[in-house]
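> Provided below are the primary sequence and the corresponding predicted coordinates.
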Amino acid sequence: MAQRLIVVGGDAAGMAAASQARRRRDRSDLEIVAFERGRFTSYSACGIPYWISGLVPERDQLVARDPATFRADFDIDVRLRHEVTAIDLDRQEVVAHDLDGGGEVRERFDELVYATGAVPKQPDWADPAVRGVFGVQTLGDASALREWLDAEPAPRRAVVVGGGYIGVEMAEALIQRGLAVTLVEQADQPMSTVDPDMAALVADAMRGIGIDIRTGVEVTGLDGRDGRVSAVVTADGPLPADVVVLGLGVRPDTALAEAAGLPVGLSGGIRVDRRMRVPGVPGVWAAGDCVETLHRVSGLPVHVPLGTHANKQGRVAGINIGGGYATFPGVIGTAVTKVCELEVGRTGLRERDAAASGFEFVSVRAESTNRAGYYPGARTMTVKLIAERSSGRLLGAQIVGWSEAAKRIDTLAVALWNGMTVDEMTALDLGYAPPYAPVWDPVLIAARKAVDALHQG
Ligand SMILES: Cc1cc2nc3c(=O)[nH]c(=O)nc-3n(C[C@H](O)[C@H](O)[C@H](O)COP(=O)(O)OP(=O)(O)OC[C@H]3O[C@@H](n4cnc5c(N)ncnc54)[C@H](O)[C@@H]3O)c2cc1C
C-alpha cells in the first residue's frame, strides 16, 4: 500500500517539500495531500509590495503554481480552504476543517510536513469595528488591501505602522500609487536589521522620496468615521489616514504544533535537525517560517522568516522524505531590499549582535561609488564591515547605495559563510570595468579599511 504524506500549509516550504518528495517517489509509493487554508498555493508573498504598487500588473503573476498544476504535473492532491485544526501523533492523523463547505475531514499520514509559516504580530489597539487596516502576510491579505485602495472614495493618506523591511517596501508601494505616506516606527530607526548609522541613510532616502517617517513614536489607537479609519492615534498626536498597513513583524506559527506536542526552541520556532526532521517525532518534518534554525556566526538558534530559507528547507525535507539525503546548514541572515532606488543589503551580525554574542570587534564604514567615478551613473555606496578583533574574521556586513548595491552583499555573504578574514578579502579577485565598479570595488575598499582598523587597535 502507498504511504501518505500530509502537508500542512501550501506555500513556499510546504509545496517545495511536496514537489521534491514527488520527484523521487511516484503515486504508487507515496500519496501526497496538501492542506492550505487560503485560496492560493505557492504564491510569492515577497512580490506583494510590487503588485500593490502596480509594478506587477496581475495578482496571478505572483502565483508560481496553482492547485491544478500541482494535480496535473505532480499528482499532489491540494485542498484549498482547508484548515488543519488538530494533529494526532499517536493515531498519525490530521483533522482539517473545510472553511467553505463546512464539515471536517480526517486524513491518516505516514509522513507529515508542518509548514504553517508565521503569524503577523497584531497590535493591541486593533479595532475590528474600524475598517481600512490591513496586514500583508498573505495574498489574501494583499487582495483585501488592493480592493480598498481601488474602491471609491480612493484613499489619499496612508499610515504604515512598523519600519521593518515589509513596512519600508509597503511605504514605497503606496507612495508609488500616489498616496501621501507616513511611516510610524516605535524604535529610533527604521530597518532594525541594520545598524543605526546605516538605517539613518535609509531614513534620509525615504524622506527624500516624500515618505514622512516618525521614529520613536508609539501608536496607541485608531480613530474612525462611519466605520472607516480616519486617523492613527499616537503619543505625538493623530496622523490622518484613509488606509493603514501593518508591518509589525511576525512570530512562528506553532500553535497547532505545540498542541500536538512538537518541540519549540528558544527562538519560538519549531526545533528541527539538519534534515528538517522534528527531533524525537519520527515521520514529522517542519520547514519555513515556523521553524528555528542555526545562525552560523553566533551559533544561536534564530528565527529568520525569509522565503529564501523556506524554499531551501522545504526542498531539503522533500528530498529526505523522497529517500534522498539533504541537509540545511543554517543561515547567516543575508537579506536585501530597496526603497525606490536606494538598495539595502545585510548579512551576518550587526554591531549589537556581535556584542551580545561576546565578540570583540572592529567596525568600519567606507564610502565609494558603484562604478568608476567618471562613468555615467556613478553613485554613492556605503559599505560597513564588522570583523572580529583577534582573528580579523568577517562577522557582518551591510551595504546601502543607490545602484548595484544590494546584490554586492552576496560577495560579502560568501566571504562570511566561508570564514574569510578581512585581510584575505582585500585580495579577492573581483571583476572590474568602469561601468560596473571603480578599480577598487567598494567591497575591497571596505575590507582594506577594516584591516587598517585592526592594525590600529
Ligand atoms: C510582504 C512580504 C514581503 C516579503 N519579501 C521577502 C523577500 O523579499 N525575500 C524573502 O526572502 N522573504 C520575503 N518575505 C518572507 C517570505 O514570504 C516568507 O518567508 C515565506 O513565504 C515563508 O514561506 P512558508 O511556506 O514558511 O510560510 P507561508 O508563506 O506563510 O505559508 C504558510 C501557509 O500555510 C497556511 N497555513 C497556516 N496554517 C494552516 C493550517 N492550520 N491549515 C492549513 N493551512 C495553513 C497559510 O495559509 C500559508 O499559506 C516576504 C513576506 C511578506 C509578507
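Yes, it's here.
> switch to C-alpha atoms for all contacts and neighbour counts from now on
Noted.
> next, the buried residues of the helix or strand encompassing Ser19.
Remark: Ser19 resides in helix 12-24, with elements defined by DSSP states H and E. Using 16 or more other Cα atoms under 10 Å as the test for burial, helix 12-24 gives Ala12, Ala13, Gly14, Met15, Ala16, Ala17, Ala18, Ser19, Gln20, Ala21, Arg22, Arg24.
> of these, which are in range of the ligand?
Among the buried residues of helix 12-24, the ones lying near the ligand by Cα under 6 Å from any ligand atom are Ala12, Ala13, Gly14.
> thinking again about what came up before, just the CA atoms of the helix holding Ser19, as PDB, please.
Provided in PDB are the C-alpha atoms of helix 12-24 (Å, rounded to 0.1, in the frame of the first residue of the first chain):
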ATOM      1  CA  ALA A  12       6.900  28.000  -0.200                       C
ATOM      2  CA  ALA A  13       8.100  25.400   2.300                       C
ATOM      3  CA  GLY A  14       5.100  23.100   2.200                       C
ATOM      4  CA  MET A  15       4.900  22.900  -1.600                       C
ATOM      5  CA  ALA A  16       8.700  22.700  -2.100                       C
ATOM      6  CA  ALA A  17       8.700  19.700   0.200                       C
ATOM      7  CA  ALA A  18       5.700  18.100  -1.500                       C
ATOM      8  CA  SER A  19       7.100  18.500  -5.000                       C
ATOM      9  CA  GLN A  20      10.600  17.300  -4.100                       C
ATOM     10  CA  ALA A  21       9.100  14.200  -2.500                       C
ATOM     11  CA  ARG A  22       7.100  13.600  -5.600                       C
ATOM     12  CA  ARG A  23      10.100  13.900  -7.900                       C
ATOM     13  CA  ARG A  24      11.600  10.900  -6.000                       C
END
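> any idea how far Gly314 is from the most centrally placed residue in the chain?
Nearest residue to the geometric centre of the chain (Cα atoms, centre = their mean): Leu306, 3.2 Å. Separation of Leu306 from Gly314 (Cα to Cα, to the nearest Å) stands at 12 Å.
> common neighbours of these two, please.
Gly288 (Cα atoms under 8 Å, 6 or more residues apart in numbering).
> near the ligand, which residues of the chain?
Residues of the chain lying close to the ligand by Cα under 6 Å from any ligand atom are 8-14, 35-38, 45-46, 48-49, 82-85, 115-118, 136-137, 166, 288-289, 305-308, 310.
> of these, keep whichever come out buried.
Applying 16+ other Cα under 10 Å to the residues of the chain next to the ligand flags 8-14, 35-38, 45-46, 48-49, 82-84, 115-118, 136-137, 166, 288-289, 305-307, 310 as buried.
> so which of the residues you listed sit within strands?
Members of those lying in strands (criterion: DSSP state E): Val8, Phe35, Glu36, His82, Glu83, Val84, Ala118.
> would you check which pair of those lies furthest apart?
For these, with distances taken as Cα to Cα, the pair at the greatest spread is His82 and Ala118 (17.5 Å).
> what does Glu351 show for phi and psi?
Dihedral angles of Glu351 (phi, psi; degrees, to the nearest 10) stand at phi -60, psi -40.
> just give me the neighbour total for it.
23 (other Cα atoms under 10 Å).
> ranges for the helices of this protein?
Using DSSP state H, the helices of the chain run over residues 12-24, 48-53, 67-74, 139-150, 165-176, 196-208, 255-260, 307-321, 351-356, 409-417, 422-425, 442-456.
> below-threshold pLDDT in this protein: ranges please.
457 (pLDDT under 70).
> burial measure for Asp353, as a count.
Neighbourhood size, Asp353 [other Cα under 10 Å]: 16.
> against Ala142, how distant is Pro155?
Separation of Pro155 from Ala142 (Cα to Cα): 16 Å.
> who's more crowded, those two?
Shown here are Pro155 and Ala142; by other Cα under 10 Å, Ala142 has more neighbours (20 against 17).
> contact partners for Arg39?
Leu80, Arg81, Gly140.
> ok, now which ones touch the last one?
The contact partners of Gly140, by Cα under 8 Å, 6+ apart, come to Gly38, Arg39.
> can you list the residues that contact stretch 184-199?
159-165, 168, 200, 202-203, 213-219, 346, 350-352, 398-400.
> that stretch: end-to-end distance?
15 Å.
> for whatever residue of the stretch 101-250 of the chain ends up closest to the ligand, which non-adjacent residue is closest in space?
In the stretch 101-250 of the chain, the residue that lies nearest the ligand is Gly117 (3.2 Å; Cα to the nearest ligand atom). Among residues not flanking Gly117 along the chain, Asp289 sits closest, at 4.3 Å (Cα to Cα, 6 or more residues apart in numbering).
> one step back: need the contacts of Arg39 in a markdown table (columns: distance to Leu248).
Listed next are the contacts of Arg39 as a markdown table, based on distance: Cα to Cα, whole Å:
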| residue | distance to Leu248 |
| --- | --- |
| Leu80 | 27 |
| Arg81 | 26 |
| Gly140 | 18 |
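> quick check, nearest of the residues you listed to Gly224?
Once Cα to Cα is applied, the member of these that ends up nearest Gly224 is Gly140, at 23.7 Å.
> I'd guessed the residue nearest to the centre of the chain sits against Asp289; true?
Yes: assessed by Cα atoms under 8 Å, Leu306 is found in contact with Asp289 at 6.8 Å.
> endpoint to endpoint, stretch 53-70 covers what distance?
This stretch, stretch 53-70, spans 29 Å end to end (Cα to Cα).
> please apply the same query to stretch 181-191.
Span of stretch 181-191 from end to end, Cα to Cα: 17 Å.
> same thing with stretch 36-46?
End-to-end distance for stretch 36-46: 18 Å, by Cα to Cα.
> same check on stretch 286-297?
Its first and final residues considered, stretch 286-297 spans 23 Å by Cα to Cα.
> my read: Asn311 touches Ala18, true?
No: if you go by Cα under 8 Å, Asn311 and Ala18 don't touch, sitting 11.2 Å apart.
> just the CA coordinates for stretch 340-360, please, in CSV.
Output of stretch 340-360 as CSV, limited to C-alpha atoms (Å, rounded to 0.1, in the frame of the first residue of the first chain):
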residue,chain,number,x,y,z
CYS,A,340,12.7,53.3,-4.6
GLU,A,341,16.2,53.5,-6.0
LEU,A,342,18.0,53.0,-2.7
GLU,A,343,19.2,49.5,-2.2
VAL,A,344,20.0,47.9,1.2
GLY,A,345,21.8,44.6,1.9
ARG,A,346,22.9,43.0,5.1
THR,A,347,24.5,39.7,6.2
GLY,A,348,25.8,38.3,9.4
LEU,A,349,25.8,40.1,12.7
ARG,A,350,25.0,43.7,13.4
GLU,A,351,27.2,45.5,16.0
ARG,A,352,24.7,44.8,18.7
ASP,A,353,24.5,41.1,17.8
ALA,A,354,28.3,40.8,17.8
ALA,A,355,28.5,42.4,21.2
ALA,A,356,25.7,40.2,22.6
SER,A,357,27.5,37.1,21.3
GLY,A,358,30.6,38.2,23.2
PHE,A,359,32.8,39.1,20.2
GLU,A,360,35.4,41.8,20.4
